[in-house]
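Structure of the sequence below:
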Amino acid sequence: MIDAELGDEDYCYLTTTGRISGEPRQIEIWFAVEGDTLYMLSGGGDRSNWVRNLMREPAVTVRIRDRTLHGRARPVEPGTEDALARRLLPEKYAPRYSGDLEDWRRRALPIAVDLQAG
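Next up is the predicted model:
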């Protein structure tokens with residue numbers, strides 16, 4: 001669903017629905033793609049407003065460059081998919097980021113967006 005060129009972009013723009021306001025809320029965030037699933041890591045864990053929003057309403061949009069995709073967001077359960085998310089993001093960003101990503105990789109909450117076809 002996401003070609004390699006889009007998947008290599010530095011940022012995506014995730015839009016959630018505000019859990020209190022009901023208004024669209026957009027953030028710029030690092031991401032990685034595996035198949036039809038987009039992964040992100042929330043450094044603020046489940047306390048981040050964007051995570052709290054998607055827990056209330058999982059329907060989200062993701063914009064990468066000029067392409068807008070629809071999907072359903074969810075926290076990643078511990079296990080194989082958790083390990084995948086924690087591997088994909090540092091692999092993508094370590095070569096282009098001068099800081100240490102290890103603490104972020106270990107502590108952040110993995111979030112998946114299952115992208116819808118079309």
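
and residue 85, how many neighbours?
23 (other C-beta atoms under 10 Å). To be clear about C-beta, it is placed using only N, CA and C from the backbone, and glycine gets the same treatment.

Pretty sure residue 75 is one of the things it touches, is it not?
No. Assessed by C-beta atoms under 8 Å, residue 85 is found out of contact with residue 75, at 10.3 Å.

Need the residues touching each of these two.
Residues touching both residue 85 and residue 75 (C-beta atoms under 8 Å, 6 or more residues apart in numbering) are 110-112.

Most neighbours among the residues you listed, which one is it?
Neighbour max across the shared contacts of residue 85 and residue 75 (other C-beta under 10 Å) = residue 111, 25 neighbours.

tell me the centre residue of this structure?
In the chain, the residue lying closest to the centroid (C-alpha atoms, centre = their mean) is residue 40, at 2.8 Å.

Residues contacting the longest strand anywhere in the chain, please?
Determined from DSSP state E, the single longest strand within the chain is strand 67-75. Strand 67-75 is contacted from outside by 1-2, 6, 14, 16, 38, 46, 51, 54-55, 58-63, 109-116, 118, using C-beta under 8 Å, 6+ apart.

rerun at 6 Å
Strand 67-75 has contacts (C-beta atoms under 6 Å, 6 or more residues apart in numbering) with 54, 58, 60-62, 111-116.

likewise stretch 11-21?
24-29, 31, 50, 52-54, 56-57, 60-64.

If we use 10 Å, what do you get?
2, 6, 23-33, 38, 40, 49-65, 67-69, 71, 73, 111, 113 (C-beta atoms under 10 Å, 6 or more residues apart in numbering).

Quick one: list the elements packing against the helix of greatest length in the chain.
The longest helix of the chain (DSSP state H) is helix 80-93. Here helix 80-93 touches strand 32-34, strand 37-42, helix 102-107, strand 109-115, going by 3 or more C-beta pairs under 10 Å, 6 or more residues apart in numbering; DSSP states H and E.
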